[in-house]
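> A structural model of the following input is requested.
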Amino acid sequence: MAGARQVAGGGRAVEVAPGRLAGWFTRFADRNDGVRTTELGPAEVRVTAANGATATATVPFGPLADTGVRTGLAVEPLVAHALASRVIAVLLVRLGGHSLGLARDGVVGLSRTDRHLVPGRTAAGGWSQQRFARRRAGQARTALRAAADEAFEVLVPRLSEVDAVVLGGDRRALDRLRADRRLGPLFARAEPRVLEIPGPRRAVLDEAARRAIAVQVVVREA
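Numbering: from 1, shown residues only. Next up is the predicted model:
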């Protein structure tokens with residue numbers, strides 16, 4: 001899973017694989033003098049340690065059905081929810097390429113990956129810069145059109161087979177795909193989280209599929 005990263009308001013976020021979630025919370029309790037309460041909500045689960053530290057998990061593919069406030073460490077409903085078998089459609093897009101596919105329990109089956117040359121910006125001025133900008137814009141349109149066409153061909157017809165859609169990549173590129181009416185049903189099923197990824201390729205898709213089913217937990221120390 002992805003390493004810890006700092007989050008706004010203090011604390012760090014980690015992604016925990018479903019099979020490691022129970023052990024992760026047990027270790028959190030051990031490090032922080034035990035757990036006072038577990039608040040199970042439809043979209044979040046917050047565990048408050050005896051020393052005041054908190055671990056707040058975002059419920060993936062929510063809502064969580066079994067909710068309430070419980071004494072001590074009681075994350076079993078979250079763990080069972082995270083471990084449920086699911087088929088996820090994954091769509092990764094950056095300006096220079098895309099990778100997409102269907103993954104069952106974090107393992108990619110059907111997939112498509114393509115890369116397109118879209119050069120970076122130039123510092124040159126004058127007419128040459130304008131010609132370069134027009135050429136670059138045209139190449140970007142071609143790359144995004146290819147991504148939209150493959151998403152429509154591969155993912156949209158199979159939406160009845162999937163439990164959720166997970167997106168990743170450049171948000172501006174994704175927003176341009178979102179404007180394609182053919183992909184409306186796909187984006188309507190998308191999870192709120194957008195995965196940060198490097199340039200899309202098959203290895204990146206495999207990692208994204210594993211991350212797609214992971215649980216994001218934000219830890220704030222006492």
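> partners of the residue nearest in space to the middle of the chain in the sheet?
Nearest residue to the geometric centre of the chain (C-alpha atoms, centre = their mean): Leu195, 3.7 Å. Leu195 has these beta-bridge partners by DSSP bridges: Gly168.
> ok, it to Asp30 distance?
Noted for Leu195: a distance of 30 Å to Asp30, by C-beta to C-beta, to the nearest Å. Heads up, the C-betas are built off the backbone N, CA and C, glycines and all.
> likewise for Ala80?
Taken as C-beta to C-beta, the span from Ala80 to Asp30 is 22 Å.
> same drill for those two, tell me which one is more crowded.
Ranked by neighbour count (other C-beta atoms under 10 Å), Ala80 and Asp30 place Ala80 first, with 15 against 11.
> and that one, what helix or strand is that in?
In the assignment (DSSP states H and E), Ala80 maps to helix 76-83.
> after that helix, next one along is what?
Once the chain leaves helix 76-83, the next helix or strand it forms, by DSSP H and E, is strand 87-94.
> what's in contact with that following strand?
Here strand 87-94 makes contact (C-beta atoms under 8 Å, 6 or more residues apart in numbering) with 98-104, 108, 144, 147, 151, 155, 158-159, 161-170, 173-174, 177, 186, 189, 195, 197, 199-200, 204-205, 208-209, 212-213.
> list only buried entries from those.
Neighbour-count burial (16 or more other C-beta atoms under 10 Å) applied to these gives 98-104, 108, 144, 147, 151, 155, 162, 164-170, 173-174, 177, 186, 195, 197, 200, 204-205, 208-209, 212-213.
> tell me which of the residues you listed fall in helices.
Among the buried ones among the contacts of strand 87-94, DSSP state H puts Leu144, Ala147, Ala173, Leu174, Leu177, Leu186, Val204, Leu205, Ala208, Ala209, Ala212 in helices.
> of those residues, closest to Thr113?
For Thr113, the nearest member of these is Leu205. The distance, counting by C-beta to C-beta, is 6.5 Å.
> you'd agree the closest one is up against Leu100?
Yes. Leu205 lies in contact with Leu100 (C-beta atoms under 8 Å); the separation is 7.4 Å.
> how close does Lys156 sit to Gly101?
One thing to correct before we go on: residue 156 is Val, not Lys. In this view, Val156 and Gly101 are 13 Å apart by C-beta to C-beta.
> who does Ser111 bridge with?
For Ser111, the beta-bridge partners are Gly101 (DSSP bridges).
> tell me who's in contact with it.
Ser111 makes contact with Ser99, Leu100, Gly101, Leu102, Arg202, Leu205 under the criterion C-beta under 8 Å, 6+ apart.
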